[in-house]
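Novice: sequence and predicted structure below; questions after.
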Amino acid sequence: MKKLGLFGGTFDPIHNGHLHIARAFADELGLDTVIFLPAGDPYHKNTGRTLAKHRLAMTELAVADDERFAVSDCDIVREGATYTFDTIQIFRQQFPQTKLYWLMGMDSLLQLHTWSRWQSLVKMVDIAVAAREGEQLNHASKALHQWLGQALQDGSLHLLQAPLSNISSTEIREKVRAGAGLEGLVDRRVERYIEQHGLYR
């Protein structure tokens, strides 16, 4: 059975930490493909997020060298609020015979009980989680305890061995504003794109 990882994020901008963790997910879970899903433009307020078309373009540039990686504009082209539950349903319909994994950081997992229809969501996909130093499952809300226990037991929750990197998109945006270089933080093509389009100035 084919295995497909879905990796959602703002990717503002996508950086080497995202690529590192996507490779680790692919390696540890034996994924055939990891699909990056840049979030759409917020439909109800201006959050200062870079336009989706730029974030999509940067993501496409960044993943070009790994044949296991692909990018989908699924969350960008949908109208109104985009919920992860709906995104997963779309992929579940498109790939009925494929094992689906939703890839996330521990910080997102600890908020999972606040997501729309999360109890249905976790029945449709396996969840794979990467943690930063010091982030642990025992910080989870009581609302998640029963599911966490069950998911660890039945193997539908996977904890990644590789730790999340400390690179952050916020730090990169600040560096660009300060006129500092982005060596080692983002793919060279992404750095060029940021310069060409005057992003984060």
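Specialist: Here it is on my side, so go on. Residues are numbered from 1 along each chain as shown.
Novice: please pull out the lowest mean pLDDT helix or strand from this protein.
Specialist: helix 106-109 (a mean of 92; mean pLDDT, DSSP states H and E).
Novice: pLDDT weak spots in the protein?
Specialist: Along the chain, the parts satisfying pLDDT under 70 run over 43-47.
Novice: and the strands in it?
Specialist: 3-9, 33-38, 69-71, 99-105, 126-130, 157-159 (DSSP state E).
Novice: so which of the ones you listed is nearest Leu199?
Specialist: Of all the strands of the chain, strand 33-38 sits nearest to Leu199, with 14.0 Å by CB to CB. The way it works is simple: take the backbone N, C-alpha and C, and place the C-beta from them, glycine included.
Novice: neighbouring strands - and their directions - for that closest one?
Specialist: Neighbouring strands of strand 33-38 in its sheet, by DSSP bridges, are strand 3-9 (parallel), strand 69-71 (parallel).
Novice: now the angle from it to strand 99-105?
Specialist: 50 degrees (axes from the mean of the first three to the mean of the last three CA atoms, to 10 degrees).
Novice: all helices of the chain, in order?
Specialist: Here the chain has its helices, by DSSP state H, at 16-29, 52-63, 74-77, 84-94, 106-109, 118-124, 142-154, 169-177, 188-196.
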